[in-house]
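Undergrad: here is a sequence with its predicted model. Questions after.
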Amino acid sequence: MDIIISNASGEPIYSQIVAQIKTMILEGQLKEGDALPSMRNLAMQLRISVITTKRAYEELERDGFIESYTGKGSFVKAQNAELYREEQLKTIEAALTDAAGRAKRCGITLAELQEILGIVYGGE
């Protein structure tokens, strides 16, 4: 499992870990039942504190992406289709919010933006 940590990013390290593992799960790179590295091993690989990996794993578990068992480790949880859809909707909403903001700054009208979205989406 390749996780890349950016010290230059303003995002906390645990959030970077959470985001990358969620992406791997949602894109199918990590599947139901796949074992994640132990918190200690991941911390050693990334050269970070075990407390940071613990916080990331706790957030992933709280959000329903993994389940942890004492003495056995952490595993990818079966994904609820509604959870997957909600995660995708949040990502799409953020991208569209960014696009709308850029459009406003450039003087693009809502109608023009809708036309662009229709073309990009595959419509006429």
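TA: Good, I have the coordinates. Numbers count the residues shown, from 1 in each chain.

Undergrad: which one is the residue most central in space within the chain nearest to, not counting chain neighbours?
TA: Central residue of the chain (C-alpha atoms, centre = their mean): Ala19, 3.3 Å from the mean position. Excluding its sequence neighbours, the residue lying closest to Ala19 (C-beta to C-beta, 6 or more residues apart in numbering) is Glu11, at 7.8 Å. Glycine gets a C-beta too; all of them are placed from N, C-alpha and C.

Undergrad: so which helix or strand takes in the one you found?
TA: According to DSSP states H and E, Glu11 maps onto no helix or strand at all.

Undergrad: quick revisit: by contact count, what packs against the helix or strand harbouring the residue nearest to the centre of the chain?
TA: In this assignment (DSSP H and E), Ala19 forms part of helix 13-26. On a contact count with 3 or more C-beta pairs under 8 Å, 6 or more residues apart in numbering; DSSP states H and E, helix 13-26 meets helix 39-46, helix 50-62, helix 81-106.

Undergrad: any chance of those helices in a markdown table with mean pLDDT, mean neighbour count and distance to Ser68 as columns?
TA: Below are the helices and strands packed on helix 13-26 laid out as a markdown table (pLDDT from 0 to 100; neighbours: other C-beta atoms under 10 Å; distance: least, C-beta to C-beta, whole Å):
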| stretch | mean pLDDT | mean neighbour count | distance to Ser68 |
| --- | --- | --- | --- |
| helix 39-46 | 96 | 16 | 9 |
| helix 50-62 | 96 | 18 | 6 |
| helix 81-106 | 89 | 11 | 17 |
